[in-house]
Each structure stands twice: as C-alpha cells, then as structure tokens.
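S.K.: output the structure for:
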Amino acid sequence: MMRFKPVNYHNNPINVSSYATVKTDNIDWNPMLSSKQLSKEGNQAGGKSRKVVFVILCLTPVVTFMLGMWQLRRLKWKNKLVAECEDRLTYKSSPLPSTFDPKDLPDFEYRKVSVTGHFDYSREIFVGPRLHDDKKGYLLICPFVQSNGAGDILVERGWIADENIDPEVRNLQHLSCPKGEITLTCLLRAPAKRGTFQMEHQKGSRLFHYVDLNAMSEETHTRPIYAIVIEDYHEHPDWMKNELLFRNGLMTLEGKVLAEDKIKQLKSSLSWFGGNGEKKKEIRKIESLLEEINKECSQIEPEYEYDVNQLINAGVPLGKFPKIDYKNNHMQYLVTWFGLSFASAILLAIVIRKGKIISPKAEKLSHAKKFLG
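M.R.: Just a heads-up that it's a prediction; the model follows:
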C-alpha cells in the first residue's frame, strides 16, 4: 500500500503562476440588438430604393441625350446667327433711316450706320466699372441728337479712364468732347436683357451696372436705339475747326455757326452817313479770326494717328473694334451631355447584365452560397 508524504505548505508556498488558468467560452449573454432587423418590411423597403435607383439610371441616358440634341440645335442656330452678323460687318456704312423702328434693332445687329448730329454732354451716363489693361474705367454713353429730327439715340463712345469721367478735365477737347455737328460711324447693337443676378438700376443715377437699354432710354429721355462708335485713332480737322469756332464764340454747341450771321448783322447795320469805324473793325476781326482758323485746320493731317495711351491719358473714349462678341460654348455643352449619355448607358448595361438592382434576392443567395459551399 502506497503512502503519501505529507507536504509542508509552510516550507513550500504555492506558486499560483504555475497552475494553468481555466478557459471559458467567450459568450456575450447580453447581446446588442440591431436597429436594422431582417424583416419582410425591411426587404421591401430596400427593394423599393433599388428600384428608384434603377429608374433614375434608366432615365439618365435618355435625358442627357435629349439635352445633347437640344444643344446641337442651339449650336446650329448660333452658327447661323454669327454667320449673318459677320456678313453684315462686310456691308458699307449707310445713314441710319429717320423712320428706323427700335423693334427692328435685333435684325440689324452689327450693321454699320452713319449718324449726323451733336452730343449732349449734360446727359452722359456710364456703365461699369470696367477694366482696360488692368486700369479702372467705364463705358461712356452719351445721347446723340440727330440732325434729321429723328430723335435722340444712345451712342456708346467707348471706354474712358476713371479720372476722366468729368468732361471739364479732359484734354484734346476736339476729340474727347467734339462740338457742333459731326458724323459718326457706328455699329447697331441690341443689348441683352437683365440677368437674374444683375442689379437693377437706381433711378436718378448716372451709373449703370450693365447695358439696360430701356432704363437708359428712360433716364436720358432718348429712343431705345443703341449704337457703338467704331474705334478711330485718327485726327479730325473738321472737329478741330468746330472746337476753335466754339472757343471764340463763333459757333454754338449744337453746331450753329454764328460768324457769318454776325458779319451779316454788322454789315446791315452800317450807316450811310458814316460813323461805322467800330463796326467795320469788328467785321475785320471776325474775318481775320476765321482766316486763321481755316489756315490752322488746313495744316492738320487727317492721316495722323494717335497712340492709344495718348488718348487714354487725354480722356478720349476708346471706340470698339468691329467684331462679333457672341459667346458660342454650345459645342462644349454638346460634348458634355452626349458624353454623360454614353457613360450612363454603359453603366446601365453593366447593371442589367449583372442583375444586382433588378433581383436583390438573387444577390443575397449568391452571397450565401460562397459561405455554405
């Protein structure tokens, strides 16, 4: 019979680390409940959302294709419009008819016309600010009184620097503020209507944020006809003559020459009995002044062309170069819409081929088979 030797626990303390720990099952007896329960209603909701996505995916190629076709029609229309306007630019300038109807302005866009009359600088208005070579300025628009009695029209004289908006501070007055009756060559334009985000004009103000033809006509009491002066950097001897006559009181701002009328008036007042020394002296003074003015203007070369910076510094408005300003981005839009239509059609074909959106149950079954073997 075997005997066990008693163990002295006082001499041999128990080493706890030498005993193996007991492993138990890692079971969560209080599992977290999911907010998304796999129920019949949940499956139906998921199926509906998938159907909505599928319908949108089906409509995308059709809608984008229709938008592409619409841009194609717009492109053809814009190309035709640009071609018509370019053709009008080749026509020679003709006088603006006195019976011209403002309603016909869109049909005469970019047509060169000549107008004769004088400016009314007391009704100048400005559009801007606009930059020219990083310099702040404005578009100067001035009412033009036609000599044929057809009424006043709006003439865009061109860009002018910010420091020269006051007519009194401008130099080269015969070019910056021509006096008397003059003839201008202009382009007829029909300004675009106000955009959604453009500010409305404040009545009584000379400043406009964009070319609002109706508001400008109402503000300046002119006909709604808009003409843009074609750029011209040449000298004008006839304008210089008007300026000199105006300075010496021999012509009105409207262009009525007073020199001949004064001479006739003085001659008719000469007395047969004599005592006409002062009157004859005044007649000779006027005749001498007219001779000097004609001589000075005859020495001016009409072919002389000013530098652009000279005109800017002097306050002479810079006219517009005759070219078409229509934006034609329809080709870019066309490519974009047709590209989206093509890409969405390919995506739709892939989805239909795999059948994921059409049959969500089949997708679940195929997923389960991977784990069930």
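S.K.: where's residue 116, which helix or strand?
M.R.: strand 112-119 (DSSP states H and E).
S.K.: got it, and residue 262?
M.R.: With secondary structure defined by DSSP H and E, residue 262 is part of helix 259-268.
S.K.: what mean pLDDT does that helix have?
M.R.: Helix 259-268 comes out with an average pLDDT of 71.
S.K.: can you spell out which helices and strands pack onto the next helix-or-strand element following that helix?
M.R.: From helix 259-268 onward toward the C-terminus, using DSSP H and E, the following helix or strand is helix 277-298. Under the contact criterion of 3 or more Cβ pairs under 8 Å, 6 or more residues apart in numbering; DSSP states H and E, helix 277-298 touches helix 237-247, helix 259-268. Glycine gets a C-beta too; all of them are placed from N, C-alpha and C.
S.K.: of those helices, which approaches residue 91 most closely?
M.R.: Nearest to residue 91 among the helices and strands packed on helix 277-298 is helix 237-247; the distance by Cβ to Cβ comes to 24.9 Å.
S.K.: quick one: mean pLDDT over that closest one.
M.R.: Model confidence over helix 237-247, given as mean pLDDT, is 91.
S.K.: again, but for stretch 149-168
M.R.: Confidence over stretch 149-168, taken as the mean pLDDT, stands at 94.
S.K.: going along the chain, name the strands of this protein.
M.R.: Listed in chain order, the strands of the chain (DSSP state E) span residues 94-95, 112-119, 125-132, 135-146, 152-161, 182-189, 207-208, 226-229.
S.K.: distance between the second one and the chain's centre?
M.R.: It stands for strand 112-119. Distance, stretch centre to chain centre, for strand 112-119: 26 Å (Cα atoms, centre = their mean, to the nearest Å).
S.K.: using PDB, write out every CA atom in that strand.
M.R.: Presented in PDB, the C-alpha positions along strand 112-119 are these (Å, rounded to 0.1, in the frame of the first residue of the first chain):
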ATOM      1  CA  LYS A 112     -22.600  99.800 -89.800                       C
ATOM      2  CA  VAL A 113     -24.500 103.000 -89.900                       C
ATOM      3  CA  SER A 114     -23.600 106.700 -90.000                       C
ATOM      4  CA  VAL A 115     -25.400 109.200 -87.800                       C
ATOM      5  CA  THR A 116     -25.100 113.000 -88.100                       C
ATOM      6  CA  GLY A 117     -25.800 115.400 -85.200                       C
ATOM      7  CA  HIS A 118     -24.300 116.500 -81.900                       C
ATOM      8  CA  PHE A 119     -23.700 115.200 -78.400                       C
END
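S.K.: please point out which parts of that strand sit buried.
M.R.: Buried positions in strand 112-119, judged by neighbour count with 16 or more other Cβ atoms under 10 Å: 112-113, 115, 117-119.
S.K.: what's the farthest-apart pair in these?
M.R.: Spatially, the most separated pair among the buried residues of strand 112-119 is 112 and 118, at 20.6 Å (Cβ to Cβ).
S.K.: would TSV of the strands of the chain with distance to residue 51 be doable?
M.R.: Conversion of the strands of the chain to TSV gives the following (distance: least, Cβ to Cβ, whole Å):
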stretch	distance to residue 51
strand 94-95	66
strand 112-119	62
strand 125-132	54
strand 135-146	57
strand 152-161	58
strand 182-189	53
strand 207-208	54
strand 226-229	55
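S.K.: out of the ones you listed, nearest to residue 283?
M.R.: Shortest distance between residue 283 and the strands of the chain, using Cβ to Cβ, is found for strand 112-119: 27.9 Å.
S.K.: alright, calling it a day.
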